[in-house]
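K.L.:
Below: sequence and its predicted model.
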Amino acid sequence: MPEFVGAIDQGTTSTRFMIFDHEGAEVAKFQLEHEQILPRAGWVEHNPIEIWTRAAAVIQSTLQRSNLQASDLAAMGITNQRETTVVWNRRTGRPYYNAIVWQDTRTAGIAAALDRDDRGQIIRDRTGLRPEAYFSGGKIQWILENVEGVREAAERGEAVFGNTDTWVVWNLTGGVDGGVHVTDVTNASRTMLMDLDTLDWDDELLSFFGIPRQMLPEIRPSSDPAGYGVASQAVNAPVPITAILGDQQAATVGQVCFAPGEAKNTYGTGNFLLLNTGTTPVRSKSGLLTTVAYKFGDQPAVFALEGSIAVTGSAVQWLRDQLHVITSAEQVETLARQVEDNGGMYFVPAFSGLFAPYWRADARGAIVGLSRYNNDAHLARATLESICYQSRDVVEAMEQDSGVALDVLKVDGGVTANDLCMQLQSDILGVPVSRPVVSETTALGAAYAAGLAVGFWRDTDELRAHWAEDRRWEPTWTEQEREKGYTGWKKAVTKSFDWTDPD
């Protein structure tokens, strides 16, 4: 039997391919960034062709650099930036428009209109989501209504939709020459189009957005022994694709959060905290989302409460790329360590509005509490604190919904390499923060799901045995310091409201 499993991690800013061994250890990886296209304020796009070519390139480069062959892989998993919407022609393989990214706010008016009548409550009840620009349904509607010829092509069965998982799998399995048009339950649950009870597309929900059902991919389990086809492109030997998971659900699997009450927080472009709630969906009353965590084969689906935060790691990128305060993301920690606190300054990075638990599409970024005393080091520290305060907002909402208080927070993602940020997170939450040895848990989770499908790993107990802690941060702030800082944060958040009209 082949000794390794591969995973494509198609993220918001880059695509990587990783190879893992039977112990869950990283064997090789290669990563390429792609362009962030910002046509106007609030609009965020990617080039789908660039995403596919990057995916193909990272597979080839990883295999070449590790002196491995595709035949050394028992299976391959796919994980992806969720909600990012691609519509393309199944005959030509050409996208009709750039991918509209999950951060994009152009469809806020569509969401607001849904929320003004009974349709908003139907969406909440059936999908576990809120009518928001964040999700795919409104993005599909926008393309159908604003790109010439797409609606007619959709009605002819030529224009098809997928989030980036579907787009990559379709191309990997042949594209115009028999590409498989498929997604999994985790990605489907992020569209506002899937019923959580049936795990299938809902015709009434489709009617809200005017979306022809034939545009949509087949919904399958997250880990499927039958597979989603064989990767025939970008590899030198056929490899079965046996797992698809949205990136945050993949990280939940990678952090082995298989029991109700277990939670993880992923620090990437945004932050995403998921709490396993078992096989019964829990409806949030505190501004969180109900989502599918994973579905392995014919086993029941497992659900989660999710707190989604739009801008965390990308705020550091903003300091680097737009303000030029730093020259590398790593430099933010060095700069922030030059001061002992934020100097009374707070940064609310509501570039795309605020997600959980506020859900304010009208919010925009704000830096408040400034005085002549403040400098670039205070801004760097306030940026790191904004990541941690937003996570506390979500943790508080999660505790209200679940009745379960966190005793430790499992963390993963690129920002967890920033030791100061993780110490601040522990201080702001008042609980220990634990980082695993393998911090790239998104790709690991996709590999785990793919390997389970083909028997590379026996069961989830075996996966649990592979998890190991790399570092733990303990809180050092007093309760008074903690509450004073959080009170200032909540006051700062209110200053970001009412800057735009969602209509």
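P.N.:
On my side now, so go ahead.

K.L.:
What backbone torsions are found at Val493?
P.N.:
phi -60, psi -40 (degrees, to the nearest 10).

K.L.:
In space, what's closest to it - neighbours in sequence excluded?
P.N.:
Nearest residue to Val493, sequence neighbours excluded (Cβ to Cβ, 6 or more residues apart in numbering): Val348, at 5.5 Å. C-beta: built from backbone N, CA, C; applies to glycine.

K.L.:
Then Thr92?
P.N.:
Thr92 sits nearest to Val176 (Cβ to Cβ, 6+ apart), 6.7 Å away.

K.L.:
quick one on the thing from earlier: my guess is the residue nearest to Val493 contacts Gly369. True?
P.N.:
No: with contact defined as Cβ atoms under 8 Å, Val348 does not count as touching Gly369 (10.7 Å).

K.L.:
Now list whatever residues contact both of the two.
P.N.:
Any residue near both Val348 and Gly369 by Cβ atoms under 8 Å, 6 or more residues apart in numbering counts here, and that gives Ala492.

K.L.:
So if I had to pick from these two, which one is more boxed in?
P.N.:
More crowded of Val348 and Gly369, by other Cβ atoms under 10 Å: Val348, with 25 against 18.

K.L.:
beta partners for that one?
P.N.:
For Val348, the beta-bridge partners are Ala366 (DSSP bridges).

K.L.:
repeat for Met18
P.N.:
What pairs with Met18, by the bridge criterion (DSSP bridges), is Ala7, Lys29.

K.L.:
Surely Pro436 touches Gln255?
P.N.:
Yes: Pro436 lies in contact with Gln255 (Cβ under 8 Å); the separation is 6.8 Å.

K.L.:
Show me whatever sits in contact with both of those two.
P.N.:
In contact with both Pro436 and Gln255: Lys410, Asp412, Trp467, using Cβ under 8 Å, 6+ apart.

K.L.:
quick one: contacts for the spatially closest residue to the last one that is not a sequence neighbour?
P.N.:
Think Trp467. Of all residues not flanking Trp467 in the chain, Val256 sits nearest, at 4.9 Å (Cβ to Cβ, 6+ apart). Applying Cβ under 8 Å, 6+ apart, we find Val256 in contact with Glu262, Thr460, Leu463, Arg464, His466, Trp467.

K.L.:
Highest neighbour count among those?
P.N.:
Leu463 (21 neighbours).

K.L.:
Check whether that one really touches Ala447, as I assumed.
P.N.:
No: between Leu463 and Ala447 there is no contact under Cβ under 8 Å: 10.1 Å.

K.L.:
Find the residues that touch each one of those two.
P.N.:
Gly24.

K.L.:
pLDDT value on the residue of the chain most remote from its centre, please?
P.N.:
For the chain, the residue at maximal distance from the C-alpha centroid (Cα atoms, centre = their mean) is Arg372, at 37.9 Å. Arg372 carries a pLDDT value of 95.

K.L.:
That one: helix or strand, and which one exactly?
P.N.:
Using DSSP states H and E, Arg372 falls within no helix or strand.

K.L.:
ok, now Val316?
P.N.:
helix 313-321.

K.L.:
what residues does that helix touch?
P.N.:
12-13, 103, 267-271, 325-329, 331-332, 347, 349, 351, 379-380, 383, 386-387, 413-415.

K.L.:
Stretch 445-457 too?
P.N.:
For stretch 445-457, the external contacting residues (Cβ under 8 Å, 6+ apart) are 1, 5-9, 18, 20, 22, 24, 74-79, 222-225, 227, 240-245, 249-255, 294, 296-297, 459-460, 463.

K.L.:
Let's see which of the residues you listed end up in helices.
P.N.:
Gln249, Ala250, Ala251, Thr252, Val253, Gly254, Thr460, Leu463 (DSSP state H).

K.L.:
Quick check on the residues you listed: which are buried?
P.N.:
Gln249, Ala250, Ala251, Thr252, Val253, Gly254, Leu463 (16 or more other Cβ atoms under 10 Å).

K.L.:
and of the residues you listed, the nearest to Ala188?
P.N.:
Gln249 (11.4 Å; Cβ to Cβ).

K.L.:
which non-adjacent residue is nearest that closest one?
P.N.:
Of all residues not flanking Gln249 in the chain, Thr186 sits nearest, at 4.2 Å (Cβ to Cβ, 6+ apart).

K.L.:
wait, that neighbour sits on Thr291?
P.N.:
Yes: when contacts are counted by Cβ under 8 Å, Thr186 is listed as touching Thr291 (7.1 Å).

K.L.:
if I look at those two, which residues touch both of them?
P.N.:
Gln249.

K.L.:
okay, these two: which has more neighbours?
P.N.:
Thr186 (31 against 27).

K.L.:
what's the pLDDT at that one?
P.N.:
Confidence score, pLDDT, at Thr186: 97.

K.L.:
what's the distance between it and Phe272?
P.N.:
According to Cβ to Cβ, to the nearest Å, Thr186 and Phe272 sit 12 Å apart.

K.L.:
one step back: so what's the backbone phi/psi at the residue farthest from the centre of the chain?
P.N.:
With angles defined as degrees, to the nearest 10, Arg372 sits at phi -60, psi -20.

K.L.:
who does the lowest-mean-pLDDT helix or strand in the chain pair up with?
P.N.:
Within the chain, no helix or strand scores below strand 230-231, which has a mean of 82 by mean pLDDT, DSSP states H and E. Strand 230-231 pairs in its sheet with strand 239-246 (antiparallel), by DSSP bridges.

K.L.:
average pLDDT for the partner strand?
P.N.:
95.

K.L.:
Helix, strand or coil: sort out Trp489 for me.
P.N.:
Under DSSP: H, G, I helix; E, B strand; the rest coil, Trp489 falls in the helix class.

K.L.:
Going forward, count from 456.
P.N.:
Shifting the count to begin at 456 puts that one at Trp944.

K.L.:
can you count the residues close to it?
P.N.:
Neighbours around Trp944, by other Cβ under 10 Å: 22.

K.L.:
quick one: it from Val602, how far?
P.N.:
Distance, Trp944 to Val602, using Cβ to Cβ: 41 Å.

K.L.:
quick one: Leu825 and Phe802 touch, right?
P.N.:
No: taking contacts as Cβ under 8 Å, Leu825 lies outside contact range of Phe802: 10.2 Å.
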